[in-house]
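Undergrad: Sequence and predicted structure are below.
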Amino acid sequence: MTRLVILGKQGAGKGTQCALLVEHYGIPHISTGDMLRAAVEEGTDLGLRARATMEAGELVSDELILGIVEERLAHQDAQLGFLLDGFPRTDTQAQGLIAMLAPNGIDVAIDISVPDDVVTERMLARGRDDDTPDAIQRRLELYQAETAPLLEFFSSRGVLTSVDGLGTELEVQARVVDAIEKNR
Ligand code: AMP
């Protein structure tokens, strides 16, 4: 059983680390950002509701997010573990997650730590449609206000581990796996 949450600002290298971790542990990668982008692409009702919010770099409503995560976690492939990426992003989402998983919990929450100036540079370089300078700035502010407090949330549950996100992908991966093994 490997129930993981990965935390970190956008541009902290979560995407790369997620790909390596799902391979290493054989668990599904559950990214709310990917699910929302797929919904926008397909033009589903969910996508239509989320699109403008995403383009502005704002957070989609907790209710909508909790709904898609709960549905995803009910799938067969998530019964033996999962890697949550981009979720939870708010205290309400974190409380909702714990309620959904009860009586189980999260085994390890991994925080990939990278300074603001480094993530801004990386995001501008990747050039995704929603990576405008204003949206990047807004997301960093939201991270500070809404998501950084989640470090305390997971820390108080004794499942937080913080990993230095500077260095090569493989260096960071070695630190991440080491941290998970020490903390699970
Ligand atoms: P991401 O790929 O995780 O950076 O997500 C891209 C965008 O999708 C974010 O800027 C938000 O607008 C939206 N989003 C993704 N996950 C969440 C979440 N857990 N809560 C609220 N909005 C989210």
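TA: Happy to help now that I have it.
Undergrad: Pull out the buried residues from the longest helix along the chain.
TA: Identified as the longest helix of the chain according to DSSP state H is helix 169-183. Residues V172, Q173, R175, V176, V177, A179, I180 are the ones in helix 169-183 that count as buried (16 or more other Cβ atoms under 10 Å). Using the backbone N, CA and C atoms, a C-beta is placed for each residue, glycine as well.
Undergrad: now check stretch 47-62, is it near the ligand?
TA: Yes: counting by Cβ under 6 Å from any ligand atom, contacts between stretch 47-62 and the ligand involve T53, M54, G57, E58, L59, V60.
Undergrad: what comes into contact with that stretch?
TA: 36-41, 64, 89-90, 92-93, 96, 129-130, 132, 134-136, 138-139, 142, 146 (Cβ atoms under 8 Å, 6 or more residues apart in numbering).
Undergrad: and it, how far apart are its ends?
TA: 15 Å (Cα to Cα, to the nearest Å).
Undergrad: Please apply the same query to stretch 4-21.
TA: First-to-last residue span, stretch 4-21, Cα to Cα: 10 Å.
Undergrad: Check which residues of that stretch are buried.
TA: Within stretch 4-21, the residues scored as buried using 16+ other Cβ under 10 Å are 4-15, 17-18, 20-21.
Undergrad: Which residue is the nearest non-sequential neighbour of L140?
TA: Sequence neighbours aside, D116 is the residue nearest to L140 in space, at 5.7 Å (criterion: Cβ to Cβ, 6 or more residues apart in numbering).
Undergrad: Correct me if wrong: E146 contacts T90.
TA: Yes: contact criterion Cβ atoms under 8 Å: E146 and T90 qualify, at 4.9 Å.
Undergrad: all helices of the chain, in order?
TA: 14-25, 32-42, 45-55, 62-73, 91-101, 116-126, 133-142, 149-156, 169-183.
Undergrad: Many thanks, we can stop here.
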